[in-house]
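Colleague: need a 3D model of the sequence below.
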Amino acid sequence: MSAKMSKTDQPKFNSMRPMLNSGRMLSGLYVTFQIPDIVEIIGKSWDWIWIDFQHSPIDISTGLSIVRTADAAGVYSLARVGKNDFFLIGQALDMGASGVIVPMVDTPEQAKAVVTAAKFPPMGRRSFGSRRLVGTQGLDYADHANSDTVVFVQLESQLAFDNAEAIAAIEGIDGIIFSADDYIREKGLNVVIPRPPELGLKEKKAIIAAAKKHGKIGGCFCDNPDALKTSLEMGYRLIITAEEDVLILDAAAHTKKWVSEITEQTGV
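Modeller: Presented below is the predicted three-dimensional model:
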């Protein structure tokens, strides 16, 4: 007969907060494919995984598998929910993700709604009841969940940039992420990769200034070494440095190139 699991036997929640508090850069892998195996194979090369529910076919079942795979790989998982929605934010946290990322947050009122959904009372109104967390962490998981989990919001519009300081000031928001794509489209410009270094630079500086002023973490995407160097010098610390689809495309292009070169050299 098996003994009842004691608190010391229970796996510890994979909290990202100690690493965030360390001040070091956290390198992230952006995941959109419904393939947990990718995280299992290469996840350890990054500090955290961005699980995208907004712009991918990942569903809650696959998302849970990716969270479990990230935990097993010893990396953190942040779930980017589809929208600023009470149910979706709570569901992502109930999976056991290390935290959530909420897109298209434009105002402090919207940021407060994120906190309400992500935090248990008295800070918020998150609903208690995750079977997975009860089973793995115990019934008292909610007693430390507010400090264990982390909450980030994406600023993606001129309105959001104008409100950056007010958004960063909201208690319960751990960081603000500068996201340029929607802003670029809002301005009527084409999204290009890699981006011209001056594109959105003023807004990017404003975001990190707001984050620093209120003791929050600044996050961004970096698609090349120069962008990473500039972002780190500005003070950004939560940084997406790779996307799994780009890694696959780059590897395919590299292989195709050397295969074509050898084929031409041998005349076969």
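Colleague: all helices of the stretch 101-250 of the chain, in order?
Modeller: Under the criterion DSSP state H, counting those that start in this stretch, the stretch 101-250 of the chain contains helices at 108-118, 131-137, 141-148, 158-162, 164-168, 181-186, 201-213, 225-234, 244-266.
Colleague: what number of residues lie near Lys256?
Modeller: 10 (other C-beta atoms under 10 Å). For every residue, glycine as well, the C-beta is placed using N, CA and C.
Colleague: how far away is it from Ile240?
Modeller: The gap separating Lys256 from Ile240 is 26 Å, by C-beta to C-beta, to the nearest Å.
Colleague: one step back: ok, of the helices of the stretch 101-250 of the chain, where does mean pLDDT dip lowest?
Modeller: The minimum mean pLDDT among these belongs to helix 181-186 (a mean of 82).
Colleague: Trp46: which of the helices of the stretch 101-250 of the chain is closest?
Modeller: The closest of these to Trp46 is helix 244-266. By C-beta to C-beta, the value is 10.4 Å.
Colleague: what are the buried residues along that closest one?
Modeller: Neighbour-count burial for helix 244-266, counted by 16 or more other C-beta atoms under 10 Å, picks out Glu244.
Colleague: list the helices and strands that helix packs on?
Modeller: In terms of contacts (3 or more C-beta pairs under 8 Å, 6 or more residues apart in numbering; DSSP states H and E), helix 244-266 is packed against strand 26-31, helix 36-42.
Colleague: just the ones you listed: most buried one?
Modeller: Greatest average neighbour count among the helices and strands packed on helix 244-266 goes to strand 26-31 (a mean of 22), per mean count of other C-beta atoms under 10 Å.
Colleague: looking at the helices of the stretch 101-250 of the chain, which is closest to Asp52?
Modeller: That would be helix 244-266 among the helices of the stretch 101-250 of the chain, by C-beta to C-beta, at 10.2 Å.
Colleague: list the contacts of the closest residue to Lys112 other than its chain neighbours.
Modeller: Using C-beta to C-beta, 6 or more residues apart in numbering and skipping residues adjacent in sequence, the residue nearest Lys112 is Ile170, 5.8 Å away. With contact set as C-beta atoms under 8 Å, 6 or more residues apart in numbering, Ile170 has these partners: Pro108, Ala111, Lys112, Val115.
Colleague: how about TSV for the helices and strands packed on helix 244-266, with distance to Phe221 added?
Modeller: What follows is the helices and strands packed on helix 244-266, written out as TSV (distance: least, C-beta to C-beta, whole Å):
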stretch	distance to Phe221
strand 26-31	8
helix 36-42	18
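Colleague: and Ser61, which of those is closest to it?
Modeller: Of the helices and strands packed on helix 244-266, nearest to Ser61 by C-beta to C-beta is helix 36-42, at 10.6 Å.
Colleague: neighbours of the nearest residue to Glu171 once chain neighbours are set aside, just the number please.
Modeller: Among residues not flanking Glu171 along the chain, Val115 sits closest, at 7.1 Å (C-beta to C-beta, 6+ apart). Counted with other C-beta under 10 Å, residues neighbouring Val115 total 21.
Colleague: before we move on, what about Leu238?
Modeller: For Leu238, using other C-beta under 10 Å, the count is 27.
Colleague: which residues does it contact?
Modeller: Leu20, Leu26, Gly28, Trp48, Phe152, Gly175, Ile177, Ile217, Gly218, Gly219, Cys220.
Colleague: related to what we said a few turns ago, grab the two from the contacts of Ile170 that are most spread out in space.
Modeller: The largest separation in the contacts of Ile170, counting by C-beta to C-beta, is between Pro108 and Val115 at 10.4 Å.
Colleague: least confident pick among the contacts of Leu238?
Modeller: Within the contacts of Leu238, lowest confidence goes to Leu20 (94).
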